[in-house]
Each structure stands twice: as structure tokens, then as C-alpha cells.
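[1] all I have is the shape, not the residue letters:
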């Protein structure tokens, strides 16, 4: 991973070129009016926050979710078996993400189907791109494939 900010020896540095890191105050017009060590400068604060996030990412502790709580997703669910082909039949449902959770095995998210029944389901995050989609078009395409409508 390419770092844009790094903290070494108690000092914050930003990437200036491929082989050089400099103080965020280098060339700053306000250098005589601020004290970056006390984090008075907003640029210094932003760079420090970036360094923290980059450190978390390197440690594998930063999680990027595919959507936010409250977002609408399109969920494909088994609704029966096709009598002729004996294949599972799937249907697309519009759902709202209402919670993310972590258990001892996996990261999950909870959805609520948007219809009169308010059906809830808990799914692993790995469902995204397989049976849960961010757009209706992606879901329709996957639905056709799952139902055997694509040659």
C-alpha cells in the first residue's frame, strides 16, 4: 500500500514525491502563525487523521462497507422450485439495510424487505455481488442467470 502520510519519531510527514516525505508545514504561508505540534493547523489535523487511517488499513483493522445503513439494495431469494427443470426459482426483492454486525465468524448485515410483510434477513457481507446488489440492473442480470434464462 502506498502511504501518503507517515508518523515517525513523533513527527508527521506527508508524501512529497516517490522518494521523499516532508513536514506538512514545508512551504506553508502560515508557518509563523501556527504550531503544528499542538495541532492548531487544519491541514495538519487532516494529515494526522489520514495517517491514522492508513495505519489501521495496514493492520487490517479498517473496514470498507459496500453500502451504508439505510441504503436500498436488491436481494435475490429462493421462492420455489421450477417443476420442469427442477431448478431453484429466484425472485428479486427491494430491501433496506438496517444494521451491520460482527459475530465470531463473519461480518453480517441485516435487511428488511420493503413490502407489506417486512421480512428481515441476516446475510454475510460476501453476499454482495452474488445475491445482493446495489443496483436494480445488476440484480436483474443475476436473476436471469440464476433462473437459467441466460444462454
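    Alright, I've got the coordinates. All values derive from a computational prediction rather than experimental measurement.
[2] list the buried ones in the strand or helix carrying residue 142?
    Using DSSP states H and E, residue 142 sits in helix 136-146. For helix 136-146, a neighbour-count test (16 or more other Cβ atoms under 10 Å) marks 139, 142-143, 146 as buried. Heads up, the C-betas are built off the backbone N, CA and C, glycines and all.
[3] now find how far off-centre stretch 133-151 is within its chain.
    22 Å (Cα atoms, centre = their mean, to the nearest Å).
[4] reduced to three states, what does residue 94 come out as?
    Following DSSP: H, G, I helix; E, B strand; the rest coil, residue 94 is assigned to strand.
[5] would you say residue 66 is within a helix?
    No: read with three-state DSSP, residue 66 is coil and lies in no helix.
[6] which other helices and strands contact the helix holding residue 142?
    Here helix 136-146 touches strand 72-81, strand 88-102, going by 3 or more Cβ pairs under 8 Å, 6 or more residues apart in numbering; DSSP states H and E.
[7] the buried residues of helix 136-146 into a markdown table, with extra columns for distance to residue 98?
    Shown next, in a markdown table, are the buried residues of helix 136-146 (distance: Cβ to Cβ, whole Å):
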| residue | distance to residue 98 |
| --- | --- |
| 139 | 19 |
| 142 | 22 |
| 143 | 23 |
| 146 | 25 |
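[8] need the max-distance pair from the residues you listed.
    139 and 146 (10.2 Å; Cβ to Cβ).
[9] what do these two both touch?
    residue 76 (Cβ atoms under 8 Å, 6 or more residues apart in numbering).
[10] alright, I will stop here.
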